[in-house]
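Trainee: Here is my input, please return the structure:
(chains A and B)
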Amino acid sequence: MDARPDGNEPATHEITRLLSDWKSGDAAALNRLMPLVYDELHRLARRYMAAEQTGHPLQTTALVHEVYLRLVDANSIDWQDRAHFYAICARLMRRILIDFARSRNYQKRGAQFAHIQLEDAATVSEAAGSEILAVDEALKQLAEVDSRKSDVVEMRFFGGMTVEETAAALRVSPETVARDWKLAKAWLLRELSHEDRHEA
Amino acid sequence: MRPERWQVIEELYHSASEMAYEERHSFLHKVCDADQSLVHEVESLLRHGATPQSVLDGPAIALMAKAMAVDEFQSGAPLLGGKTISHYRILEPIGAGGMGVVYKAEDLKLRRNVALKLLPQFLATDPQALQRFEREAQAASALNHPHICTIYEIGEAEGLHFIAIELLDGETLKQRIARGPLEIAEIIRTATEICDALEVAHAAGIVHRDIKPSNIVLTRRGTAKLLDFGVAKRAGPELVRRTENLLSLLPRNVELRLTSPGAAIGTVAYMSPEQARCEEVDARSDVFSMGAVLYEMATGKSAFTGKDASEVLDAIQHKPPTPITKLGRGAPSELVRITNTALEKDRSQRYQSASEMRADLQVLHKSLETKARWRKAALVLGLAAVLFAVMAYGSLRVPRVRDWVAGGSSSHVGREVKSLAVLPLDNLTGDPSQDYFADGTTEALITNLTRIASIRVISRTSAMRYKGTHKPLPEIARELNVDAVVEGSVGRSENRVRVSAELVDATTGRNLWAQSYDRDLRDILQLQSELAATVAVEVTGRLTPTEESRLATKAQRVSPQAYEAYLKGQYFLNKWTAESFEKARVYSQQAIELDPAYAQGYAGLAEYYGTVGFMGVVPPREAWLKSESLLTKTLEIDPNSSKAHTLLGMLKLQFRCDRPGAEKELNRALELNPGDMNALDYHSYYLLEIGRTDEAIAEKKRVLEHDPLAVITSADLGLYYLTAGRNDEAIAQLQKALELDPNFAAAHMRLGLAFENKHQYGQAVTAFQKAISLDKHPPRFAKLGEVYALWGKEREALETIRQLREMSKQRYVAPTGIALIYARLGQNRAAIEWLQKAKPDDQPRITDAGFESLRSDPNFRALEARLARDPNCPAF
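Mentor: Prediction:
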């Protein structure tokens, strides 16, 4: 259960290459990328929790960036700019997290803990996965209405990018991103609540 | 969605979101013009956008990380079963709180069972998390109180940190509420105890911040215990910063961010408005949450609801909960007041401390105890009375205990409900176009209740005067002279109907009974008679077999569309405007087309034709013939329709001049429903027509008692007195009618007639002039001129004739009026000349006493033959 020793780092160069391949259209690269990123995600989870519990939570964007930098050797690639790189990472994170949530929810079924009435914790962990899946679905709808807003959400929510980074990647003003983000959030939250109602 | 529309939505959203909450709605309405769907769209986005914390706040990766951490923690938890930690042997997991999983465990030293809360291992390595874990224990253990769950020990063994807590044998309040409603005494006791606990916590500078039913345990020994100080906040600068982090703790924090209803609503539903806005909170926040818990205990329903957390948070901040009294159970009004005070949105308006709230709860408890003692005494008395009744009469009518305790104080003990008013039921839909449905249900309830002979039920006209008013109940009760009122609300969806009703003692405001119904719309008729029967039983104790059979409907189902059309027809018919009459016809017609087997539908259309016939909106004869055939049809389907018998009786009386037939119909109607005031009203008119004036007056008085605010009925009674020659009583009665509506012209006319009869011509002139000032109806001028003539004021009389002739250039002026004035002036030739111009329908009629002086004239007999109709059948 302990955090993996820091020495055991992912093969950064390998990841960079796969990411580059995926970007240029090699779908198979993604399959090889996944397990590597999962490990990193677990690592992140522990670090995240530890930081939360100390009462000095890390800045989540910083944390996410750190992960990206661990995944990718930024020096070895010819990304036009950092923002563009992050935008690609955001898309990747979205794919990975969705995939992860799906497999996790699947595992959850028939879990040994099912008989216990764990009022808070169980609901949380159960819901977290399906929430992310729901956001993903709703975001696909949003893309049909307004693709820029969907990009903003992808970068902010899945990519953990700041308003400024998102603005740079999309070549619009930060004010526009802030406004897009605000409306997109309202729209998505409404979609999510509708989905809940259908399920109920 | 079209891109242009989306652009409009975007603009409006941003403009509105910058405005104050209160201004948004009117802004959107103004800008969107008639596009309601646009208003709705933007408002729903604004509401969802206002969600303070949501899944979208954190990066997805952080959310996932938290979920993973929980998974890891949980997967290790069951392995602990059977393991011994320190001197505690783990038995089984029993729950999970803010800071870890809780197990049932055995204390091997003290040989007792405890609840053992374990700090997750992945947190144990973090000194600050550990500190917080300890602080939770310290917060609660500092509060040694019978209604706060006791902390036994905090410790660590083999790297596992634990808190040993009193194991409570019982159930959470949440589970208790789910099982069914709590007794009033139980509610008050539980709330008092928790307020007591909060008082102690607040005094120690600790705000609980998470008061909710799942954090309150009701032990088997009947005491309430407050749990989980996991997010409690100790006031003070140093702790504020640190405890703020507590809110962001796993798993509560994650839960807060979720929009899924199950998870988030449970947590946010008891938040105070200031908590919902993420503002600083103090003891008054716990008071609010306690109010929400109290509300839920009293109603079984959450005070603030919504389909997701954002709606719930919006409701907490901006919407008053559905009044407790609307949700059915008979909560004492004082309990309602206490709850409402605790639930004030503005914390400065709330109880300023838990102790203030507790004090009020205790006062209420005492007053109920006193009442309970009276109830006991009453029971003994009641039993004696019953025994006496059995011995004396050999029959048993069990008096309701309620009858004795209905009063709010001992002076009312023994009081029974003899009269009641059904106040207009609220239209729960909030949509004014649905008013007809609530009004229709109100009327149906009134009609059904009138079938109970032993209670006086206020008729529709008077009851409806209170629509939309917020007069205090005692005042309404005084105006209507009733002991109790029925209040409630009606809501409906496409094919469900929901009715909540409560019976309230009018003088004390005490709830005597309350009930909610949720039914298929097609069963509305059934529901209405069931509701009436329940209220009646509640009031009278028991129904006689006759009453029962009167109330029983043949499980009749009606097409909801037909029923609605009928209600709309009635609604518009009752509005009495030219425009509404036409709508009444359309809807009433629709009702019978939609459901040709619906008896009431035919009666509704018959009533329309009967009414417009009398009003002269359409030629009477034609309308009445139609009405007659529709009533025949009604009675073919439902021979027991008292409404149809009444209307038919009325037609027979006024149109067919068939008095025996009319009497038969009206008697039948009254047999079917002795409280049918319409039937009684026409019956009294029948009696007046056949000269049984004293009986007519007695019946008319009874009608008025049931409809004390109906001006027409009140003025009609004046007319009855007038007809009976009881002029002084007529004057007194008409003056009463004019108090209700000083501008009711007909009452002024009748008042004038009474003065005229008493030869008080001056006052008669004043009254007629008043009536004329309200409505320049030519026959009124004729009466005025006649009085001038009688008074000897020839000049004024002739002036009135001049006015009438002047008027005749614009409108039809019956020559009989001018003739009458000439007759009274003794100018017989002129009178006869004018009569010769008259037509058979003219008013005043040739039968008027004023023409008596003309009898000697040779032409008069011929005129009489031409102008007079069968005096018994004025319609022909």
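
Trainee: Just the local confidence number for the residue nearest to B:Lys568 when sequence neighbours are not counted, please.
Mentor: Distances taken as CB to CB, 6 or more residues apart in numbering or on different chains place B:Tyr587 nearest to B:Lys568, at 4.1 Å, with adjacent residues excluded. To be clear about C-beta, it is placed using only N, CA and C from the backbone, and glycine gets the same treatment. Reported pLDDT at B:Tyr587 in the predicted model: 93.

Trainee: For B:Tyr587, grab the count of nearby residues.
Mentor: Applying other CB atoms under 10 Å in any protein chain shown, we find 23 residues neighbouring B:Tyr587.

Trainee: how close does it sit to B:Phe572?
Mentor: Remark: distance between B:Tyr587 and B:Phe572 (CB to CB, to the nearest Å) = 7 Å.

Trainee: same thing with B:Gly752?
Mentor: Counting by CB to CB, the gap from B:Gly752 to B:Phe572 is 34 Å.

Trainee: where's B:Glu344, which helix or strand?
Mentor: Following DSSP states H and E, there is no helix or strand that holds B:Glu344.

Trainee: ok, now which ones touch it?
Mentor: Applying CB atoms under 8 Å, 6 or more residues apart in numbering or on different chains, we find B:Glu344 in contact with B:288, B:350.

Trainee: Looking at the record's assignment, how would you partition chain A?
Mentor: Chain A breaks down by automatic domain parsing into domains covering A:1-78, A:81-200.

Trainee: Can you classify B:Lys839 as helix, strand or coil?
Mentor: Following DSSP: H, G, I helix; E, B strand; the rest coil, the label given to B:Lys839 is coil.

Trainee: Kindly report the same for B:Lys117.
Mentor: Applying three-state DSSP: B:Lys117 is strand.

Trainee: returning to that earlier point: out of B:Gly752 and B:Phe572, which sits in the busier spot?
Mentor: Neighbours were counted for B:Gly752 and for B:Phe572 using other CB under 10 Å; B:Gly752 has more, 27 against 22.

Trainee: Mind telling me what element the more buried one is part of?
Mentor: helix B:745-757.

Trainee: So which bits of that helix are buried?
Mentor: B:745-756 (16 or more other CB atoms under 10 Å in any protein chain shown).

Trainee: next SSE after the strand or helix carrying B:Gly762?
Mentor: Element membership of B:Gly762, judged by DSSP H and E, is helix B:761-774. Next helix or strand after helix B:761-774 toward the C-terminus (DSSP H and E): helix B:778-791.

Trainee: Could you count how many residues lie near B:Asn495?
Mentor: Based on other CB under 10 Å, the number of other residues close to B:Asn495 is 10.

Trainee: Would you mind giving the buried residues of helix B:745-757 as JSON lines with pLDDT and distance to B:Pro323 added?
Mentor: Formatted as JSON lines, the buried residues of helix B:745-757 follow (pLDDT from 0 to 100; distance: CB to CB, whole Å):
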{"residue": "B:Ala745", "pLDDT": "84", "distance to B:Pro323": "41"}
{"residue": "B:Ala746", "pLDDT": "84", "distance to B:Pro323": "41"}
{"residue": "B:Ala747", "pLDDT": "90", "distance to B:Pro323": "39"}
{"residue": "B:His748", "pLDDT": "93", "distance to B:Pro323": "43"}
{"residue": "B:Met749", "pLDDT": "91", "distance to B:Pro323": "45"}
{"residue": "B:Arg750", "pLDDT": "92", "distance to B:Pro323": "44"}
{"residue": "B:Leu751", "pLDDT": "95", "distance to B:Pro323": "44"}
{"residue": "B:Gly752", "pLDDT": "95", "distance to B:Pro323": "49"}
{"residue": "B:Leu753", "pLDDT": "93", "distance to B:Pro323": "49"}
{"residue": "B:Ala754", "pLDDT": "95", "distance to B:Pro323": "48"}
{"residue": "B:Phe755", "pLDDT": "95", "distance to B:Pro323": "50"}
{"residue": "B:Glu756", "pLDDT": "93", "distance to B:Pro323": "53"}
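
Trainee: Pull up the gap between A:Gly160 and chain B, please.
Mentor: 3 Å (CB to the nearest CB, to the nearest Å).

Trainee: That residue and B:Met64 touch, don't they?
Mentor: No. With contact defined as CB atoms under 8 Å, A:Gly160 does not reach B:Met64; the gap is 11.3 Å.

Trainee: By mean pLDDT, point me to the weakest helix or strand of chain A.
Mentor: None of the helices or strands of chain A scores lower by mean pLDDT, DSSP states H and E than helix A:60-71, at a mean of 63.

Trainee: Show me what the next helix or strand after it is packed up against.
Mentor: Tracing the chain C-terminally past helix A:60-71 and defining elements by DSSP H and E, one meets helix A:82-108 next. Packed against helix A:82-108 by the contact rule (3 or more CB pairs under 8 Å, 6 or more residues apart in numbering or on different chains; DSSP states H and E) you find helix A:12-23, helix A:27-53, helix A:60-71, helix A:121-145, helix A:163-170, helix B:60-76.

Trainee: hmm, back to that, which element, helix or strand, includes the residue nearest to B:Lys568?
Mentor: helix B:578-594.

Trainee: List the buried residues in that helix.
Mentor: So, applying 16+ other CB under 10 Å, buried residues of helix B:578-594: B:581, B:583-585, B:587-592, B:594.

Trainee: Let's have those in TSV, adding distance to B:Ile832.
Mentor: As requested, the buried residues of helix B:578-594 are exported to TSV (distance: CB to CB, whole Å):
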residue	distance to B:Ile832
B:Phe581	41
B:Lys583	48
B:Ala584	45
B:Arg585	44
B:Tyr587	51
B:Ser588	48
B:Gln589	49
B:Gln590	54
B:Ala591	53
B:Ile592	52
B:Leu594	58
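
Trainee: Which of those lies at the shortest distance from chain A?
Mentor: Nearest to chain A out of these is B:Leu594 (CB to the nearest CB; 32.2 Å).

Trainee: so what's the closest one up against?
Mentor: B:559, B:561-562, B:565, B:601.

Trainee: Restricted to helices, list the residues you listed.
Mentor: B:561-562, B:565, B:601 (DSSP state H).

Trainee: Using neighbour counts, trim these to the buried set.
Mentor: Buried among those by 16+ other CB under 10 Å: B:562, B:565, B:601.

Trainee: quick one: the last one from chain A, how far?
Mentor: The spacing between B:Gly601 and chain A, counted by CB to the nearest CB, is 37 Å.

Trainee: re earlier: among the ones in helices among the contacts of B:Leu594, which one lies nearest to B:Val207?
Mentor: The shortest approach to B:Val207 among these belongs to B:Gln561, at 54.9 Å (CB to CB).

Trainee: For B:Glu443, see how far away that closest one is.
Mentor: Taking CB to CB, one finds B:Gln561 at 19 Å from B:Glu443.

Trainee: What degree of burial does B:Lys770 show, as a neighbour count?
Mentor: Residues lying near B:Lys770 (other CB under 10 Å) number 18.

Trainee: oh sorry, the question was meant for B:Ala16
Mentor: 21.

Trainee: what's near enough to touch it?
Mentor: B:Ala16 touches B:24, B:27-28, B:42, B:46, counting by CB under 8 Å, 6+ apart.
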